[in-house]
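>>> Take a look and give me a structure for this.
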Amino acid sequence: QVQLVETGGGLVQAGGSLRLSCAASGRIFSSYLMGWFRQAPGKERELLATIGWSSGSTSHADSVKGRFTISRDYAKNTVYLQMNSLKSEDTGVYYCAAQFRVGGPVVSWGQGTQVTVSS
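Predicted coordinates for the structure are as follows:
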């Protein structure tokens with residue numbers, strides 16, 4: 001079982017940037033699809049971006065395309081989410097997750113990190 005720990009959240013002004021990190025430990029399958037999700041207040045959890053653990057292939061939701069970038073450091077077992085041009089609607093709890101395919105069951109969730117964007 002893989003364990004995931006997110007860091008990097010905080011309070012930022014609109015237009016600012018943050019980088020979230022997700023450190024993975026334990027058993028990591030090369031076939032994992034790593035994802036960043038966001039849960040805004042009163043809304044369902046939303047998938048923002050994915051990256052293949054071994055392939056490095058990425059995908060981004062339309063709501064963040066061009067502003068957020070997912071990446072991973074294979075040597076450090078860490079996945080990142082670079083967030084630029086932040087908006088107040090980006091406020092929420094951000095979760096890292098491991099799964100085998102989009103829409104499939106999540107194998108492991110991180111504990112989440114709060115991002116608050118002030119306008």
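>>> Now His60. Nearest residue, chain neighbours left out?
Ala49 (4.7 Å; C-beta to C-beta, 6 or more residues apart in numbering). For glycine as for every other residue, the C-beta is placed from the backbone atoms N, C-alpha and C.
>>> Which stretches in the protein count as strands?
Using DSSP state E, the strands of the chain run over 2-7, 10-13, 18-26, 33-39, 45-52, 58-60, 68-73, 78-83, 92-99, 106-109, 113-118.
>>> show me what contacts the closest residue to Ala24 other than its chain neighbours?
Nearest non-adjacent residue to Ala24, counting by C-beta to C-beta, 6+ apart: Asn77, 4.6 Å away. By C-beta atoms under 8 Å, 6 or more residues apart in numbering, Asn77 lies in contact with 23-25, 28.
>>> Could you give the bridge partners of the residue nearest the centre of the chain?
The C-alpha lying nearest the average C-alpha coordinate of the chain belongs to Trp36 (C-alpha atoms, centre = their mean; 2.4 Å). Using DSSP bridges, the bridge partners assigned to Trp36 are Ala49, Cys96.
>>> Please tell me I have it right and it contacts Tyr80.
No. Taking contacts as C-beta atoms under 8 Å, Trp36 lies outside contact range of Tyr80: 9.0 Å.
>>> joint contacts of those two?
With contacts defined as C-beta under 8 Å, 6+ apart, the residues shared by Trp36 and Tyr80 are 20, 22, 70.
>>> got TSV for the residues you listed, with neighbour count, pLDDT and distance to Gly104 too?
As requested, those are exported to TSV (neighbours: other C-beta atoms under 10 Å; pLDDT from 0 to 100; distance: C-beta to C-beta, whole Å):
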residue	neighbour count	pLDDT	distance to Gly104
Leu20	23	98	22
Cys22	26	98	18
Ile70	22	98	18
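>>> quick one: which of those is nearest to Gln114?
Among the shared contacts of Trp36 and Tyr80, Leu20 lies closest to Gln114 (C-beta to C-beta), at 10.7 Å.
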